[in-house]
Structure formats: structure tokens, C-alpha cells
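*Asks:* quick one, what's the 3D model for this:
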Amino acid sequence: MIFFIAKNINLKNNPEEKKSVTEEIPENITKAVDANIDEEVLKTLQKEELPKDISGVRSLILPVPAFKQTYIRSCEETALRMVLFFYDIKTNDMEIVKRVGYDPHPWDKKNNLWDDPDKMFVGSIDDPNKNGYGTFAPSIATAARTFGRDSESYLGVSAQFLAQQIYSGHPVIVWGFSNVPPFVKYFWNTKEGKKITAYRGEHTRVVVGVYGEPSNPLGFLVNDPLTGAKNEYWGAERLLAQMNIYGNLTNQAVVVK
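*Replies:* Predicted coordinates:
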């Protein structure tokens, strides 16, 4: 069986809302996952309406702009661009990815070698005909610091953590899923010998608002780089369910202050 890695990403000059960019993943370097994973991810992607009975519920919405990603794989860069704009720093996806670390070259599938998403952007950010993956929380936090902002990356965050950050005035970049099944893990090694675990459908969003007390949040408002959507409602249970599907691999976050 052949698996595929893709991000359903909007192309800058393409009128289609979503564009599937697929790359074959050799069968011998994928890891079989429970068939229920696909169903679990798809459930988390079903949109929710804001509850009607929240008039008396404590809430806060931060004025974070919603931008649509510029390139087919620049969701992480666009997410950071939204947050930097919130702090009156105007930049663009290409400038951010250069600060993340950008040296686009193909995945060496013969030797199963590629780069480290904790340290840089892996692959091509803008060419659908070339291998590309993206980047993880540590490199986005590093890039944010080059703009003069305090920034930290986190693994395994809770709904309470997200709520506390919003009430403290800090939007949060979170990792999760986009795309369509199959959702699979796969692996490569760096030249330094580090084993990288990745997953198909990797995506980032920005948490910009919260409903409920910090100790017991009801739900969150989220900006999505893929569609440019602003203030989409995600119940706390749904958002954390998506983030926790692959444990700390998918439950990553960056807070910029």
C-alpha cells in the first residue's frame, strides 16, 4: 500500500479554496496506525456553532488579524505572521521562513534522510512539484525571537493553559490536522542521526479568544491560515481532541509575548 503526505493548501494565485499537493511515501518507512484515527480526525474537523447560552459567560477575544497563507505549505509562517501583526510587527511568510531556517531540497527517500522540523522548515514551501513538509513549534518560537519578542514552545498543553494565555493577552499558535485521510505517521532521519516522526495533514492555527473561566474553558476562537477564516469557534473538547491524537507530536504550541 502506498501512503501519501499532503497539505490541502490554498495556492496564492489559484481561485480554488483548497489544493491537494501529494507526495508518495514509500511503504517501508510508514507506520501503520489504527483505522479509527481517520474517523477521530474527521470528527474534530466538523465545524461547531457558537453556543447560544453564553451571554453571561466570561470571555475575551484578542484583536488578531486573520491572514490566508501565501504559499502552499506556509501555514506555520502565516500563523506567526498573524501573531506578530497583533504586536504591531508587519512581515511576510517568506521573511519568516528564512528566519525559521530555509534550505529547500528533496527528501532523500533512498537513504530516508531529510531535515529537522524542530530546527528549520523541511523541504519546499511553495512548489507543489517538490517535496515539502513544514516545521514544528521550536523553530517557530526561535523565529519569533528574531523579531524581538519573547517566545516559547510547548508540548502537551491543556485547555486551561490556552485559556490562561488568552486571558493574559497572548494569542497561541497550535498544531493539529487539516487534510483528508489516511492520517499516518511516517519517519526519516537527519544527517546527524536524529529520528524524525512526522504526520500527514500537519497544520497550524492561532487561538485568539476564549469562552469560560481559565480553570474551565468552554471553547476557543481560532484563526485558520488555510482558509483565512477569523474567529472560528472550537469547543475546548474538540480542539484538544484534535491536538492530542498523536500525543506531543500533534499537541505543540507557541506563545509569543
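
*Asks:* which stretches of the chain form strands?
*Replies:* Using DSSP state E, the strands found in the chain span residues 3-9, 19-25, 30-31, 59-61, 122-123, 132-134, 151-155, 172-177, 185-189, 195-199, 202-213, 216-224, 229-235, 252-256.

*Asks:* how about those strands in a markdown table, adding mean pLDDT and distance to Val83?
*Replies:* Every residue, glycine included, has its C-beta placed from N, CA and C. Output for those, formatted as a markdown table (pLDDT from 0 to 100; distance: least, CB to CB, whole Å):
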| stretch | mean pLDDT | distance to Val83 |
| --- | --- | --- |
| strand 3-9 | 37 | 19 |
| strand 19-25 | 43 | 25 |
| strand 30-31 | 58 | 32 |
| strand 59-61 | 98 | 15 |
| strand 122-123 | 98 | 21 |
| strand 132-134 | 97 | 17 |
| strand 151-155 | 98 | 9 |
| strand 172-177 | 98 | 6 |
| strand 185-189 | 94 | 28 |
| strand 195-199 | 96 | 23 |
| strand 202-213 | 98 | 6 |
| strand 216-224 | 98 | 9 |
| strand 229-235 | 98 | 14 |
| strand 252-256 | 99 | 5 |
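
*Asks:* out of those, nearest to Val41?
*Replies:* For Val41, the closest of the strands of the chain is strand 172-177, at 5.0 Å, according to CB to CB.

*Asks:* and the closest one, how far out from the chain middle?
*Replies:* How far strand 172-177 lies from its chain's middle: 4 Å, per CA atoms, centre = their mean, to the nearest Å.

*Asks:* list the contacts of Ala163.
*Replies:* The contact partners of Ala163, by CB atoms under 8 Å, 6 or more residues apart in numbering, come to Val210, Gly212, Glu213, Pro214, Ser215, Pro217, Phe220.

*Asks:* ok so, going back, save the strands of the chain as a markdown table, and put in mean neighbour count too.
*Replies:* Shown next, in a markdown table, are these (neighbours: other CB atoms under 10 Å):
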| stretch | mean neighbour count |
| --- | --- |
| strand 3-9 | 21 |
| strand 19-25 | 16 |
| strand 30-31 | 15 |
| strand 59-61 | 15 |
| strand 122-123 | 26 |
| strand 132-134 | 25 |
| strand 151-155 | 17 |
| strand 172-177 | 26 |
| strand 185-189 | 17 |
| strand 195-199 | 17 |
| strand 202-213 | 24 |
| strand 216-224 | 22 |
| strand 229-235 | 17 |
| strand 252-256 | 25 |
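
*Asks:* with that, I have no additional questions.
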